[in-house]
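[1] From the sequence below, what's the structure:
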Amino acid sequence: MIPAMKWLIPLLALVALRASAETTIGPAIGAVPYTITKSGVYHLAKNLAFEGSTGAAITINAAQVEIDMNGYEIECLSGSANTATGITTTGYNRVAIKNGTILGFHTGLSLVSNGATVSGLILTTNHVAGITVLGNNIQITKNRVFATGGAPDSSLHSTGISVTGTDCSISDNDVQTTSVPDVASHTAEGIKLTSCANIYLANNRVLDTRPAVAVNA
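    This is a model prediction of the structure:
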C-alpha cells in the first residue's frame, strides 16, 4: 500500500464536510481567540489561525452551545512547544462541536461537560491529545483523529481520544498514528477510558499506536 493512502479516509472526510450545506444560524466566529458567553448556535465561515502559544482558540463559557465548524479548520501556528487548546470548556453542560478540523495544538479539544457531543471532526498533528472529554452522557462519534504526538516534553503521554465519565457512547471513530517519544514508561493510547461506567464502545478503528522509536531499543 502506498504510505499516503493511510490518510485517504481523513482527507475524504474533509471533502465531504466541505461539500455539505453550511450552517449560517447564529453568530459567525471570524477570528480567534474567541470566547462564547451566551447559549446558542455558532458557526465558522472561514479557516482560522491561532497565533498564541497558550490559552485556547475558542473558550466556551456558557451552557447549551453548539459550534458548527462548517468544514473549516482552526490551526495553531506557534509550533510543537505550545500548550494551547483548540476548543475548550470547563463546567458548562450540553456543548456540541461538529464538522471541522482542529490541528497543531497541544490538545485539540478539551471539554469538561455533561451531555457533550463531539461529531464529524478531524483532529490532526495535535501534540499531546486529540479529544479529551470529562463528564456524563457524552457522545463521541464519526471523528478522525490522526498524527497525534510529538510534543518536545518527553514526560508527556499521547492520546487520540480520552474519556472520563459514565453513560457515554464512543462509536465510528478512526484513530491513526498516536505516538510518544522514546522514553520508558510513557505510553501512546488510541482510545483511553478512565473511571468509566456504562460505556458503549463500537465500530472504532485504532491503528498504529506506538512510541516514535522502540522503547529501550
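[2] Identify the residues contacting the helix or strand hosting Ser110?
    Secondary structure from DSSP states H and E places Ser110 in strand 107-112. With CB atoms under 8 Å, 6 or more residues apart in numbering as the contact definition, strand 107-112 has outside contacts at 85-91, 95, 97, 102, 118, 121, 123, 126, 128-135, 145. (Glycine included, C-beta is placed from N, CA and C.)
[3] so of these, which ones are in strands?
    By the criterion of DSSP state E, membership of the contacts of strand 107-112 in strands covers 85-90, 95, 97, 102, 118, 121, 123, 129-134, 145.
[4] ok, back up a step: in its sheet, what does the strand holding Ser110 sit against?
    As defined by DSSP bridges, the strand partners of strand 107-112 come to strand 85-90 (parallel), strand 129-134 (parallel).
[5] what's in contact with the last one?
    Applying CB under 8 Å, 6+ apart, the contact partners of strand 129-134 are 106-113, 116, 118, 121, 123, 140, 143, 145, 148, 158-165, 168, 175.
[6] can you dump the C-alpha coordinates of that strand into CSV?
    Coordinates of each C-alpha in strand 129-134 appear next as CSV, following Å, rounded to 0.1, in the frame of the first residue of the first chain:
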residue,chain,number,x,y,z
ALA,A,129,-4.2,14.8,22.7
GLY,A,130,-6.8,14.9,20.0
ILE,A,131,-10.1,14.8,22.0
THR,A,132,-10.4,14.8,25.8
VAL,A,133,-13.8,14.8,27.5
LEU,A,134,-14.8,14.5,31.2
